[in-house]
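> Below are the sequence and a predicted model; questions follow.
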Amino acid sequence: MSRACTVLNDVVMIAAHSARSQAYLQTLLANDLAPAHVLLLGEANAPAAEPAPPAELLHGVLLPDLNVSLETSLAAAGIAFSQLDTRDINAAAVREQVQALQPKVIIFSGYGGQLVGAELIDLGIPLLHVHSGWLPDYRGSTTAYYSLLEEGRCAASALILDKQIDTGPVLARKHYPAPPMGTDIDRRYDTAIRADLLLQVLRAYQATGELAIEMQQEVEHGNTYYVIHPVLKHLALLSLPAAEQP
């Protein structure tokens, strides 16, 4: 590797061409930690018309630089990766690559809206996912905005995926303050807090060799949310604190 990263030799990351995968990888590398291999799903999207802001710290978490592609980060760190032709997390090619690599842990960072199917889960390799919301209170979609409306703060929960939505064993949870008005929540802050909690879980795994379970969820407890209405999303954005003046 081109920098002194600690490689988690039994950890593989399944990554999408997405802001979340960029945030995950940039946060890990900024803290000198790296997966042994990355499975990169599909082809990269066309570059954005206008450049994104550079990486910066906010409330102690690293907002990613979305101008830096996954391939650039992987090459700079010398991380081995496999480019797959499919974006489908449940494609046979994904399972075949996982079986060939035989990791003990998979960091899951696939494309939004896709649910991991039983065939991948049944391989018996823990799929580590970081959900944007305090489980079990905020299961489902766009929970950052519901949390902002109801509690004035955000949260992330690390869990092992099971065959239902956001009901698997919880490894860690953490609350984060609301970002200042004008922050790109979807692509920068939400991804940053997830990456921050992922780093915490992987540091613990590095130290112990185990994914320690904090809580087993009861399916009947908690709340499930669906894609937030644009008006409610707008109200959540209006509730953000004013940005500090330089």
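Received it, and whenever you're ready, just let me know what you need.
> rest of the way, CA atoms for contacts and neighbours
Noted.
> what ranges of this structure fall below the confidence cut-off?
Along the chain, the model assigns pLDDT under 70 to residues 1-3, 245-246.
> In it, spot the strand with the most residues.
Identified as the longest strand of the chain according to DSSP state E is strand 6-16.
> what's that strand packed up against?
For strand 6-16, the helices and strands in contact under the criterion 3 or more Cα pairs under 8 Å, 6 or more residues apart in numbering; DSSP states H and E are strand 33-41, strand 105-109.
> ok, longest helix in this protein?
Criterion DSSP state H: the longest helix present in the chain is helix 190-208.
> Just the buried residues of it, please?
Using 16 or more other Cα atoms under 10 Å as the burial criterion, the residues of helix 190-208 that qualify are 190-199, 201-203, 206.
> relative to strand 33-41, how tilted is it?
For the pair helix 190-208 and strand 33-41, the angle between their directions (axes from the mean of the first three to the mean of the last three Cα atoms, to 10 degrees) equals 120 degrees.
> Mind putting the helices and strands packed on strand 6-16 into JSON lines with mean neighbour count and distance to M215?
Conversion of the helices and strands packed on strand 6-16 to JSON lines gives the following (neighbours: other Cα atoms under 10 Å; distance: least, Cα to Cα, whole Å):
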{"stretch": "strand 33-41", "mean neighbour count": "23", "distance to M215": "25"}
{"stretch": "strand 105-109", "mean neighbour count": "23", "distance to M215": "19"}
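> can you tell me which of those comes nearest to M181?
Distances from M181 to each of the helices and strands packed on strand 6-16 were compared by Cα to Cα, and the smallest falls on strand 105-109, at 26.8 Å.
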